[in-house]
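*Asks:* Structure for the following, please:
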Amino acid sequence: MQEALRFAESMFKRVSVRKKSGREASAGERCVRGAVPSAEAVVQRAVGFEIEKGAYRFFRSPEHYHEMTAALWDGYILSEEEIHGSVRFRKGDILLEGDGFTVQADISVKERWPYMEIVTDPFEETPEGYAKLTATMAKLTRMMARVKREPGYIWLSNLKEFGALRSEHKEAVMKTRGSEEAYFQVTAGLGLDKLGRLFDDLGYPDEEETEAERERKAGGRSTFIPPNKSVDPLFRYRSQLMVREVDRTVRRLADRAPMLKDPQLMGLLRVVGMYLMFGSQEVGHYPKSFVPVLARTDVATMFEKLPRPLKATLRNYKANLWRAVVDDLCGLLGIGGLSARFFARGVYQYHTNLAMRNMLGKDLTRDDWVSNLPFGKDLLTEKHYPDRHRAYLFRAMGGMGAHMDKDSDKTGAPVFEFRKINKDVPFSEWQSFGQSVFKYIYALNRGEDKAFGEDVEISSTK
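*Replies:* Residues are numbered from 1 along each chain as shown. Purely as a prediction, here's the structure:
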């Protein structure tokens, strides 16, 4: 590991000497020379939202609602055949299509019942995109106010003023009992070179941070990587602590060799380090929930976005240098080496109609995952996961195939999803919350020093 890093540093020194002497550099030296820190670019990307309301469930008709209500109160769990047969909803089915959003069916992991998920369009980081977000959230707030006026359930056809109802669901109704708030997930295109600022904003404050700075960043930390309910302070802030440790360790690693100081490479190493760090802990029932900032663009594609000379250097000799760098990162994080299992303590997955939990990912090592990234394969995706019978569990990881992918293709921005938003947001606050998220991501992509909740001027250019 250390030998590989010393080799990289010596190559940089040789390039510097030859550049001063005027001698033509070799092809290998030109590869390393191109891996100098790149200037931060101003980017224009997009922010999208998924809003889940698990208590608002879909039924194919009022009769079906009355038939199933008692069974659901008794804890009845649907089988796969019942969901696709008698219930007639599938995950991702669009029921209502409005301007800037769709109302879709999602499927509860444990109870297997279709419930409401609102998926917005991606809002571009422009004044026009901000105006569209504001209008869309205002319309959704009015729609939810209309929903709450109906006791028990509402015909989806009564919401036609807010969007077009799909004909196959014209008899469908939605249960309306429950609190007036919903769970947000945020997807955003972020430059790899912006992840240092993001991790610094969201990670647990270190000893160098002033009290004023802690207070300024507290809103973002509690929103994007919230404390859990444990009374143990170390466990309560475990996610924030691990994010901080990954960021600090990547900076230490970059100090060992100039080529590692490339901002995009440091961003990639933060993603890889976060995955390895969180994968070393016990993972819950859902693979894509194991990290607070999920890569919806696969990590192999992120590697491909590195500067070409740097990418070529890291791929040399079967990517031994890349593997050595990541192995050293693992060592500095204190989680062992690349030979360990990726999910060191397993992933426990709920299965339909079963209370049992099965371990997942027991045959995938860190080295399997890391060594394939430079060659276009991210094994933590549905397309490439080795166990084909369970690959569908990784569908959301690196294979989004949805609206935010279009933004990624257009701008080259990796797409990330913030999966642990702190609170269920009341319907009346959807607009202000969406605006705050948009402004924070907008400022982050432009390198502006703005904390979550601070006012930001939205303009077409910086």
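*Asks:* Now for the chain, the helix or strand with the poorest mean pLDDT.
*Replies:* Of all helical and strand segments in the chain, the minimum by mean pLDDT, DSSP states H and E falls on helix 27-33, at a mean of 30.
*Asks:* Kindly export the helix or strand following that helix (C-alpha atoms) in PDB.
*Replies:* Following helix 27-33 in sequence order, the next helix or strand is strand 46-59 (DSSP states H and E). Extracted C-alpha coordinates of strand 46-59, given in PDB (Å, rounded to 0.1, in the frame of the first residue of the first chain):
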ATOM      1  CA  ALA A  46     -31.300  19.600 -10.800                       C
ATOM      2  CA  VAL A  47     -33.000  18.700  -7.500                       C
ATOM      3  CA  GLY A  48     -36.000  16.200  -7.300                       C
ATOM      4  CA  PHE A  49     -38.200  14.900  -4.500                       C
ATOM      5  CA  GLU A  50     -39.900  11.700  -3.500                       C
ATOM      6  CA  ILE A  51     -42.600  12.100  -0.900                       C
ATOM      7  CA  GLU A  52     -44.000   9.000   0.800                       C
ATOM      8  CA  LYS A  53     -47.200   8.700   2.800                       C
ATOM      9  CA  GLY A  54     -47.400   5.100   4.000                       C
ATOM     10  CA  ALA A  55     -50.700   5.600   5.900                       C
ATOM     11  CA  TYR A  56     -52.400   6.600   2.600                       C
ATOM     12  CA  ARG A  57     -53.100   3.300   0.900                       C
ATOM     13  CA  PHE A  58     -54.700   2.500  -2.400                       C
ATOM     14  CA  PHE A  59     -57.700   0.300  -3.000                       C
END
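*Asks:* For strand 46-59, buried residues please.
*Replies:* Within strand 46-59, the residues that qualify as buried by neighbour count (16 or more other CB atoms under 10 Å) are 46-54, 56-59. The C-beta positions use only the backbone N, C-alpha and C, and glycine is treated the same way.
*Asks:* from those residues, which is closest to residue 114?
*Replies:* residue 58 (4.7 Å; CB to CB).
*Asks:* Show me the helices in the stretch 201-350 of the chain, by range?
*Replies:* For the stretch 201-350 of the chain, the helices defined by DSSP state H, counting those that start in this stretch cover 211-224, 233-236, 238-254, 263-279, 299-304, 308-333.
*Asks:* winner for burial among those?
*Replies:* Highest mean neighbour count of the helices of the stretch 201-350 of the chain: helix 263-279, a mean of 23 (counted as mean count of other CB atoms under 10 Å).
*Asks:* for the record, mean pLDDT for it?
*Replies:* For helix 263-279, the mean per-residue pLDDT is 95.
*Asks:* Show me what it is packed against.
*Replies:* Packed against helix 263-279 by the contact rule (3 or more CB pairs under 8 Å, 6 or more residues apart in numbering; DSSP states H and E) you find helix 195-202, helix 238-254, strand 293-295, helix 299-304, helix 308-333, helix 366-372.
*Asks:* between the ones you listed, which gets nearest to residue 103?
*Replies:* Per CB to CB, nearest to residue 103 of the helices and strands packed on helix 263-279: strand 293-295, 23.1 Å.
*Asks:* Please compute how far the closest one lies from its chain's middle.
*Replies:* Centroid separation between strand 293-295 and its chain, computed with CA atoms, centre = their mean, to the nearest Å, is 3 Å.
*Asks:* now swap in stretch 148-164 and tell me
*Replies:* Put simply, stretch 148-164 sits 31 Å off its chain's centre (CA atoms, centre = their mean).
*Asks:* Ok, stretch 296-312 next?
*Replies:* The answer for stretch 296-312 is 17 Å, by CA atoms, centre = their mean.
*Asks:* same thing with stretch 240-248?
*Replies:* Relative to the centre of its chain, stretch 240-248 is centred 17 Å away, using CA atoms, centre = their mean.
*Asks:* And the helices in the stretch 51-200 of the chain, which stretches?
*Replies:* Applying DSSP H, counting those that start in this stretch to the stretch 51-200 of the chain gives helices spanning 62-73, 80-82, 127-148, 195-202.
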